[in-house]
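Asker: Turn this into a structure:
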Amino acid sequence: MIAIKNEKARTFLRVALPFFVIPAVVVAGAVAFGGTRYVWVTLAVSILALLLFISGFEKKKTGSRRIVVTCVMAALAIVGRFIPLFKPIAALTAICGIYLGGEAGFLCGALSALVSNFYYGHGPWTPFQMLAWGLIGVFAGLLSRPLKNSRAALCVFGVVTGLFFSLVMDVWTVMWAGAFDFSQYLAAIKTAIPHTVMYVVSNVVYLLLLRRPIGEKLDRLKIKYGV
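Answerer: Numbering: from 1, shown residues only. You can find the predicted model right below:
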């Protein structure tokens, strides 16, 4: 496992990759390739997500342990996506970010979309799903303290991230139809309202149900194994 020891380089990667580089790759890929060659965009996002994860630790031993726990969280999210209607994937990604850091949260969300789409079907939407769920993990890591200590903050986070995921996917919907048009984007948002409500409700319910029991186990793993 590679470790990046330069603190300035690590800080730069942790900011630039999730908020600038990866979104730029996803949007540029959609504009340049449309519905074709999405595999290359998906591969690029996967590599960048791994690079972001690597930027989150210094010691090789710690990083190896951390990636095992992160992959377990991603596996839970992947299995959870098979639950009809109410899917816990965003909530589990957020919990991963809260307790393991935003870098782990991004990788958990990106992996969940990538692997589960081998069943649901890959397409040009896959990079957008990887980006949206990944950023939910990053935001959870940045807001870990209030999300651990306040149920109200957890509920607000569930609502906002449900809206966020829907808005990101609506960007894809419009771009798939052609050049981005704001009026079409508003129409897509209105059409997606039932799905958005489902995202919001499922996020809040699963965060309230799962944050504490899973979080306590993750805290114990962090103390016992130095994750």
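Asker: Could you identify the longest helix within this structure?
Answerer: Looking across the chain with DSSP state H, the single longest helix is helix 193-225.
Asker: Show me the shaky parts of the chain.
Answerer: 1-5, 58-62, 177-178 (pLDDT under 70).
Asker: So for the host helix or strand of Pro127, what gets flagged as buried?
Answerer: Using DSSP states H and E, the element containing Pro127 is helix 126-142. Using 16 or more other Cβ atoms under 10 Å as the test for burial, helix 126-142 gives 126-141. Backbone N, C-alpha and C define where each C-beta goes, glycine included.
Asker: which one of these is nearest Val41?
Answerer: If you rank the buried residues of helix 126-142 by distance to Val41 using Cβ to Cβ, Pro127 comes first, at 4.7 Å.
Asker: Give me the packing partners of the helix holding Pro127, helices and strands only.
Answerer: helix 22-33, helix 38-54, helix 89-100, helix 102-120, helix 151-177 (3 or more Cβ pairs under 8 Å, 6 or more residues apart in numbering; DSSP states H and E).
Asker: which is the next helix or strand following that helix?
Answerer: Assigned by DSSP H and E, the successor of helix 126-142 is helix 144-149.
Asker: Please list the outside residues in contact with that following helix.
Answerer: Under the criterion Cβ atoms under 8 Å, 6 or more residues apart in numbering, residues 94, 97-99, 101, 140, 153-154, 157, 211, 215 lie in contact with helix 144-149.
Asker: dump the residue contacts of the most centrally placed residue in the chain.
Answerer: Using Cα atoms, centre = their mean, the residue of the chain that lies closest to the mean C-alpha position is Gly134, 2.0 Å off. By Cβ under 8 Å, 6+ apart, the contact set of Gly134 is 18, 22, 49, 93, 105-107, 109-110.
Asker: Whichever of these end up buried, select them in ChimeraX.
Answerer: Filtering these down to the buried ones (16+ other Cβ under 10 Å) takes a single ChimeraX command:
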select :18,22,49,93,105,106,107,109,110
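Asker: State the pair within the contacts of Gly134 that is farthest apart.
Answerer: Going by Cβ to Cβ, the pair spanning those furthest: Ile22 and Thr93, at 15.0 Å.
Asker: most remote residue from this protein's center?
Answerer: Ser183 (27.4 Å).
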